[in-house]
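Colleague: quick one: sequence plus predicted model below, questions after.
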There are 2 protein chains.
Amino acid sequence: MQAPTDIVETLTWLVDIPSETGNEDEICSAVAARLDGLPTKRVKESLVVGQPGDRPLIVLAGHLDTVPRQGQDAASILDGRLWGLGAADMKAGVAAMIHLLEDPEVMEGPYNVVGVFYAGEEGPFDGNQLADVLEGVPFLSEASCAVVLEPSDGELQHGCNGAINATATFRGSSSHSARPWWGENAISKAGEWLAKMHRLEPIDYEVDGLVFRQVATVTTAEGGVARNVIPGEFRCNVNLRYTPDKTVAEAIGDLEGLCEEADLLEVEDVAPAGSVDANHPFLVSLAEESGAPRAAKQGWTDVARFSEIGVPAVNYGPGETSRAHQVDESVPLDQLSTVWDSLRSALTS
Amino acid sequence: MQAPTDIVETLTWLVDIPSETGNEDEICSAVAARLDGLPTKRVKESLVVGQPGDRPLIVLAGHLDTVPRQGQDAASILDGRLWGLGAADMKAGVAAMIHLLEDPEVMEGPYNVVGVFYAGEEGPFDGNQLADVLEGVPFLSEASCAVVLEPSDGELQHGCNGAINATATFRGSSSHSARPWWGENAISKAGEWLAKMHRLEPIDYEVDGLVFRQVATVTTAEGGVARNVIPGEFRCNVNLRYTPDKTVAEAIGDLEGLCEEADLLEVEDVAPAGSVDANHPFLVSLAEESGAPRAAKQGWTDVARFSEIGVPAVNYGPGETSRAHQVDESVPLDQLSTVWDSLRSALTS
């Protein structure tokens, strides 16, 4: 399918508005101006387009910001792709959202469609304004379903693993390294535990034919004060990716079991898992209309923020994840058309 | 034995001349002025007192600098001890050296006695001016024997272990921590090796009834770039204390064997071992005169610098090592007397 000319024009327009994380004011205002015929509510540099109603509420969500520019030029089209910073991640998804919200057949169809354009997704976890939007616009929690239009490699990606970081601390006691028997080495004390962590295999969890894998890894390690001192403390970050069948408390329990050899385990941050609801009627319809293969989302995405407020969500958007954040970022225009058309069909049928 | 009043006065005088590492000019000049009846040669902020001759050459060595002041007052005497910064480490030894060099019976006895007062011992390895003195005053390498008057807990400490630091690097490959099977974890990969290092037992080496212990420990560890990235590199410092029976090359060979699991081993620095020559006639005489128990020196000392140029050396000086570098530093005056008297007897008999 050829992408309709006007969507490509919209994508070009979006790519050419700079919107690195922290500088989303201009693009937020531009999108608000473009959609000014619809009810909008601005939250910081983010925008909610639409309002509550009687029909089932479907949220379309996409972030406005991009990673920092790496010398990319203005948007250009070549070989059936649109090239430029943010083309795939995720201004193509935002372009599709705008065209769906501007489409009378969509807006007057069986669903109440609301768009959420948000800032701060590419920066630190705490700066992600989707959290502010979901808190500041309570009717969103009554949504029947949400679609996050991040690039999804042509797949319909359900749920996502949760993520927990914790610091495992091993304690010994310092001494001069010429007489190690006067102390206890906190670094080598952790050796058996590290070896155990290295032997861990993923634990698979299958739901509705989708396979998620729970994994735990040691991602950072730091210990010792000087070359000639037996180290009294050794700290490791343990990163757990837990499957959507578990609660946060159960996941922390798993982590405590894995780290029972440590002298102290401190949870640093928790990102909840995104639950799977593949039988939701709208998602079944979207799967049929798109023909997209269903997949489990192994990494963490904003889909989980919707799960957290009780809204089933999927990740489905144009672009290849491998192109995101790359200097040669681009998006295939046929994927943009497919996503736009599939969502349009599902929202109007 | 009571310390002769004049040695205690000399020690008081020395303690009250500030000489933190890097600021030894004043004390070096003061000692040179005090000993100006003797031939002296200044090297940077260090001083050699004496000259070559026909009699067997005995070197007395001591450093002039102290660690930084921690609020200590001027020198004071209480409970049979002299209190103050540097009292034990090692101005008491320096006071004994001065009195031996000023003593006609010592200077006209069977030995040619030379004093080496040097700067920079308490700072970085590279700033230790004993290296400059031994290089700049070649006749010192013809010495029959050397005594370093660092505090030795009343013992006659022979030789010293060598020390080598090396960086063991483990390599893996980075990936997103949600999909660890796409990478290889460099930190947990090192677990089995760390566990092996933790199980290491000291290897004892006995020479002339003295026991040295070879030990190898992991003293620092560092790896990982972010909480959500499988670490591609993990670096550990391995500190080897090797016994005086080994050459540097043999010690490095031991280290390579211990770290064969690492992907890379890089030697960072080498401090040679101090050899043991407990049967040297002067040292036998000193042992008899002092009645001091003989001991192996497990840590590294400047004794090794004399070994390196072929001069047998011991560590024998007033003070407890546990008092060195402490805010309540002090030296027992009876130990000062014993060391001074024992050396005087050995040097004149």
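Modeller: Sure, I can see it.

Colleague: the domain parsing of chain A - what is it?
Modeller: A:5-159+A:274-348, A:162-271 (automatic domain parsing).

Colleague: quick one: which of those domains is nearest B:L258?
Modeller: Closest approach to B:L258 among these (CB to CB): domain A:162-271, 11.7 Å. The way it works is simple: take the backbone N, C-alpha and C, and place the C-beta from them, glycine included.

Colleague: what helix or strand is A:F117 on?
Modeller: Per DSSP states H and E: A:F117 is located in strand A:112-118.

Colleague: which helices and strands sit right next to the following helix or strand past that strand?
Modeller: Counting by DSSP H and E, the next helix or strand C-terminal to strand A:112-118 is helix A:130-136. Applying 3 or more CB pairs under 8 Å, 6 or more residues apart in numbering or on different chains; DSSP states H and E, one finds that helix A:130-136 contacts strand A:40-43, strand A:46-49, strand A:112-118, helix A:303-308.

Colleague: rank the ones you listed by pLDDT, which is bottom?
Modeller: Mean pLDDT per stretch puts helix A:303-308 lowest among those, at a mean of 90.

Colleague: tell me what that helix is packed against?
Modeller: helix A:130-136, strand A:145-148, strand A:313-315.

Colleague: what does the very next helix or strand once past the shortest one contact?
Modeller: The one in question is strand A:313-315. Following strand A:313-315 in sequence order, the next helix or strand is strand A:330-332 (DSSP H and E). Residues external to strand A:330-332 that are found in contact with it (CB atoms under 8 Å, 6 or more residues apart in numbering or on different chains): A:11, A:80-84, A:87-88, A:92, A:151, A:318-320, A:323.

Colleague: take those residues and keep only those in strands.
Modeller: A:R81, A:L82, A:W83 (DSSP state E).

Colleague: please tell me which one of the residues you listed counts the most neighbours.
Modeller: Greatest neighbour count in the ones in strands among the contacts of strand A:330-332, by other CB atoms under 10 Å in any protein chain shown, goes to A:L82: 25 neighbours.

Colleague: from chain B, how far off is that residue?
Modeller: Distance, A:L82 to chain B, using CB to the nearest CB, to the nearest Å: 26 Å.

Colleague: ok, that residue touching A:V15?
Modeller: Yes: in this structure, A:L82 is within contact of A:V15 by CB atoms under 8 Å, at 7.1 Å.

Colleague: mind listing the shared neighbours of those two?
Modeller: What both A:L82 and A:V15 touch, as defined by CB under 8 Å, 6+ apart, is the set A:A75.

Colleague: for the stretch 51-200 of chain A, what spans make up the helices?
Modeller: A:92-101, A:104-107, A:130-136, A:186-189, A:191-199 (DSSP state H, counting those that start in this stretch).

Colleague: who touches the first one?
Modeller: In this case it means helix A:92-101. A:4, A:6-7, A:10-11, A:14, A:31, A:34-35, A:38, A:49-50, A:60, A:62-64, A:82, A:106-107, A:113, A:115, A:117, A:149-151, A:317-319, A:331, A:335-336, A:339-340, A:343-344, A:347.

Colleague: helix/strand/coil for A:L265?
Modeller: Of the three states, A:L265 takes strand according to DSSP: H, G, I helix; E, B strand; the rest coil.

Colleague: could you measure from the residue nearest to it when sequence neighbours are not counted over to chain B?
Modeller: Spatially, and ignoring its direct neighbours in sequence, A:L265 is nearest to A:C259 (4.8 Å; CB to CB, 6 or more residues apart in numbering or on different chains). Using CB to the nearest CB, we find A:C259 at a distance of 13 Å from chain B.

Colleague: what's A:C259 sitting at in phi/psi?
Modeller: phi -110, psi 30 (degrees, to the nearest 10).

Colleague: pLDDT score for it?
Modeller: pLDDT at A:C259 comes out at 98.

Colleague: shaky segments in the stretch 1-150 of chain A?
Modeller: For the stretch 1-150 of chain A, applying pLDDT under 70 flags the ranges A:1-4.

Colleague: most proximal residue of it with respect to chain B?
Modeller: Proximity of the stretch 1-150 of chain A to chain B (CB to the nearest CB) peaks at A:F125, 10.3 Å away.

Colleague: and stretch A:234-248 with chain B, contact?
Modeller: Yes: applying CB under 8 Å from any CB of the partner chain, one finds that stretch A:234-248 is in contact with chain B at A:F234, A:C236, A:N237, A:N239, A:R241.
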